[in-house]
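Q: generate coordinates for the sequence data below:
(chains A and B)
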Amino acid sequence: MARFFRETELDTRLLGMLGALALIWIGFHFYGQMFRGGGFFLTPRNLWNLSVQTASIGIMATGMVLVIITRHIDLSVGSVLGFCAIIMGVVQVNVLPQYLGLGHPVIWIIAVLVGIVCGTFIGAFHGALIAYGKIPAFIVTLGGLLVWRGAAFLVARGETISPVDPTFALLGGGPYGAIGSTGSWIVGLLGCAAVLGLVVLGRRKRRIFHITQRPVWAESFIAVVGCGAVIGAVMLVNAYPWPRGIVRRYAAANEIEIPAEGLFISHGFAIPVLILVAVAIFMTILMSRSRFGRYVYAIGGNPEAAELAGINTRWMTVKIFALMGALAGLSAVVASARLGSATNALGTLDELYVIAAAVIGGTSLAGGVGTIYGAILGALVMQSLQTGMVLIGFDAAMQQIVVGSVLVLAVYLDILYRRKSK
Amino acid sequence: MTTQRTDTPLVQLKDISISFGGIRAVDHVSLDLYPGEVVGLLGHNGAGKSTLIKILAGAYQKDGGEILINGEHAEINSPRDARDFNIETIYQTLALADNLDAASNLFLGRELVTGLGFVDDAKMENETAKIMARLNPNFKKLKEPVSALSGGQRQSVAIARAVYFNAKILIMDEPTAALGVHETQMVAELIQELKKQGLGIFLISHDTREMLELCDRVSVMKNGKLIGTERVEDVTEDDILSMIIMGKKPDKAA
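A: Take a look at the predicted model:
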């Protein structure tokens, strides 16, 4: 067993998290089966919804990892999300249709860009106050939490802005906001190709630099498990059909005859989930393969050493917070598209879920340690708990108690794990 | 070595001053350093030695004075500037990011990148293995974060970082403070080797005897002021100690 882990160089912490996740999923499923007359958790429908619900928090959690690694915190992301959503709402509902006409195809693109740019500027502004004004991040972003929530209210005078542009709305998921069966298979095959490519590239690189190779069986194991997970995900999202009403409307609109046994149209991967996957890949490459990522870890490990190594740590802080803001803006796209409208309460308390996701995912508040995949798994754990408790009929009060306790427990287990592995 | 004094010095620090909150940490200090020479800086804690060399290393910005490298005015405002003048520093604290491995630390701020601009970890690891084989053959833990290394191993990472990039001017702030006898000997041999290659070295230490063995000249500082600079063959250990403690030049000094 020990040899297996050593040879495959698998992260035992990652396996632990996957194990915990499996436990939560199976636990909720069987609890439902025993006491609520049916297990609804491990169904394509629920897992598909779970993936969509995780997207918004997951996107922001990848940025929060960087913030926490560099020993800062960002309490403002929920409010920034709300503010960006309102700005995008105003742009696509009140402003652009006047000039471009309702439903113009570039409206959604402009709206998305405005949202991301808006988040980036707010983040950069916070970062500048922290880096150059030397105000603690906790204070700057606590202020931001209040300021941007208030600003969101002022911009729209508290009104809900709806409906969002129809193309924009696809970014939030739903039957039309998913890529269908064929598209999902294409994504899946690309995913498998990427897994195999990484394994082969890794071997080649190790050969060039005479670093000990992993045994072939270990590499094959990783390749098989990786591809298996991707294909499994594709089969899962394709197993969730469109609801009958939507199929009927779709068939009518496209003049398709519905056969007697009904028409099975798969959802496939939801667009917000693909956005999360793209963000995750980008952020992982950024953190593990770019100088920027290396400097983030270095600053977290020893800010003084980073400075002495010629790294402009202040400018780095501005960039990190700007990136966090951009991701909050992107998250605002997903959240408001999913809701179909922009409200000034959007993203309330998200900062806490995002921080919890990053921390459950193994990001150390002491700095220097954290991974992107960990944060996304953390977001998935948080969302699984929420969804699961709704499914088995826990009320809101109970949900809060459980989520809060799990956060503390997860961090405690992590501390024990680190102490043991030292 | 005596004849070299007609050459241009590698480094000239002229009238350097710096204050922190009204306290003059370095008070009009002038020093020079020639190629192939080791100049030792001695003095009590807080005498201003580390502060002075941090100005040369770009970590602090001087309030007054001038730095000349090879006889030419040099503007050093950041660690990056210092590197551009081939000045490398081994700090007393080692300045390592504990969460990163040896290769990442060695190349921190100067990562090797692939054609696409990504950091080339395999190549950096390979280079690190090569230089470590030369400096400290026992060093094997290339993949582990440096927090998992012993004091001596951490020190070799810091030294490797300074040596790898072909420094012309090397600053060593207490390089042997955390080391055992054997490793201290290795550092002494390394200093002799680098000297032969024509590097100029500023060495800071509390160990007066070690300094008399390793250095060509020693400068003594007290309360931010330079007490004096002496050739090691002209002074005894007692002379140096009295300079450190009393802040006076020995009478026999020429």
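
Q: when you work out contacts or count neighbours from here on, use the C-alpha atoms and nothing else.
A: Noted.

Q: which residues of the chain fall in strands?
A: I went with chain A, as the question did not name one. Applying DSSP state E to chain A gives no strands.

Q: nope, chain B please
A: B:11-20, B:23-33, B:38-42, B:64-69, B:72-73, B:87-90, B:169-173, B:200-204, B:217-222, B:225-231.

Q: without its sequence neighbours, what residue ends up closest to the closest residue to chain A within chain B?
A: Relative to chain A, the nearest point of chain B is residue B:95 (4.3 Å; CA to the nearest CA). Nearest residue to residue B:95, sequence neighbours excluded (CA to CA, 6 or more residues apart in numbering or on different chains): residue A:305, at 4.3 Å.

Q: next up, the contacts around that neighbour.
A: Residues near residue A:305 by CA atoms under 8 Å, 6 or more residues apart in numbering or on different chains: A:298, A:299, B:95, B:96, B:97.

Q: now those residues in a markdown table, with distance to residue B:75, neighbour count and pLDDT?
A: Below are the contacts of residue A:305 laid out as a markdown table (distance: CA to CA, whole Å; neighbours: other CA atoms under 10 Å in any protein chain shown; pLDDT from 0 to 100):
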| residue | distance to residue B:75 | neighbour count | pLDDT |
| --- | --- | --- | --- |
| A:298 | 27 | 32 | 97 |
| A:299 | 26 | 26 | 97 |
| B:95 | 23 | 21 | 91 |
| B:96 | 26 | 29 | 94 |
| B:97 | 27 | 26 | 94 |
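
Q: buried sites along stretch B:77-94?
A: Buried residues in stretch B:77-94, counting neighbours by 16 or more other CA atoms under 10 Å in any protein chain shown, are found at B:77-83, B:85-92, B:94.

Q: mind checking which of those residues are in helices?
A: Counted as lying in helices by DSSP state H, out of those, are B:79, B:80, B:81, B:82, B:83.

Q: what about the nearest residue to residue B:209 once chain neighbours are set aside, how many residues nearby?
A: Nearest residue to residue B:209, sequence neighbours excluded (CA to CA, 6+ apart): residue B:237, at 6.8 Å. Around residue B:237 there are 13 other residues, counting by other CA atoms under 10 Å in any protein chain shown.

Q: correct me if wrong: residue B:237 contacts residue B:208.
A: Yes. Using CA atoms under 8 Å, residue B:237 is in contact with residue B:208, at 6.8 Å.

Q: up against chain A, what does the stretch 51-200 of chain B have?
A: B:59, B:78-80, B:95-100, B:104, B:108-109, B:111, B:117-120, B:122-123, B:126 (CA under 8 Å from any CA of the partner chain).

Q: list the residues that contact the nearest residue to residue A:103 once chain neighbours are set aside.
A: Nearest residue to residue A:103, sequence neighbours excluded (CA to CA, 6+ apart): residue A:165, at 6.3 Å. By CA under 8 Å, 6+ apart, residue A:165 lies in contact with A:92, A:93, A:103, A:107, A:108.

Q: could you dump the strands of chain B to JSON lines with mean pLDDT?
A: Shown next, in JSON lines, are the strands of chain B (pLDDT from 0 to 100):
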{"stretch": "strand B:11-20", "mean pLDDT": "93"}
{"stretch": "strand B:23-33", "mean pLDDT": "92"}
{"stretch": "strand B:38-42", "mean pLDDT": "94"}
{"stretch": "strand B:64-69", "mean pLDDT": "93"}
{"stretch": "strand B:72-73", "mean pLDDT": "93"}
{"stretch": "strand B:87-90", "mean pLDDT": "93"}
{"stretch": "strand B:169-173", "mean pLDDT": "93"}
{"stretch": "strand B:200-204", "mean pLDDT": "94"}
{"stretch": "strand B:217-222", "mean pLDDT": "92"}
{"stretch": "strand B:225-231", "mean pLDDT": "91"}
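
Q: taking the residues of the stretch 51-200 of chain B next to chain A, please make a ChimeraX selection of just the buried ones.
A: A single ChimeraX command selects the buried members of those (16+ other CA under 10 Å):
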select /B:59,78,79,80,95,96,97,98,99,100,104,108,109,111,118,119,120,122,123,126
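
Q: ok, back up a step: which single one of the contacts of residue A:305 is nearest to residue A:78?
A: residue A:299 (25.5 Å; CA to CA).

Q: surely the closest one and residue A:306 touch.
A: Yes. Contact criterion CA under 8 Å: residue A:299 and residue A:306 qualify, at 5.4 Å.

Q: name the residues contacting each of those two.
A: Joint contacts of residue A:299 and residue A:306 (CA under 8 Å, 6+ apart) are A:313, B:97.

Q: just list the residues touching residue A:292, thanks.
A: Contacts of residue A:292 (CA under 8 Å, 6+ apart): residue A:286.

Q: got the contact list for residue B:188?
A: With the criterion set at CA under 8 Å, 6+ apart, residue B:188 makes contact with residue B:214.

Q: returning to what we had before: for the residue nearest to residue A:103, phi and psi?
A: phi -50, psi 140 (degrees, to the nearest 10).

Q: and stretch B:128-140, what's buried?
A: B:128, B:129, B:131, B:132, B:135, B:136, B:139.
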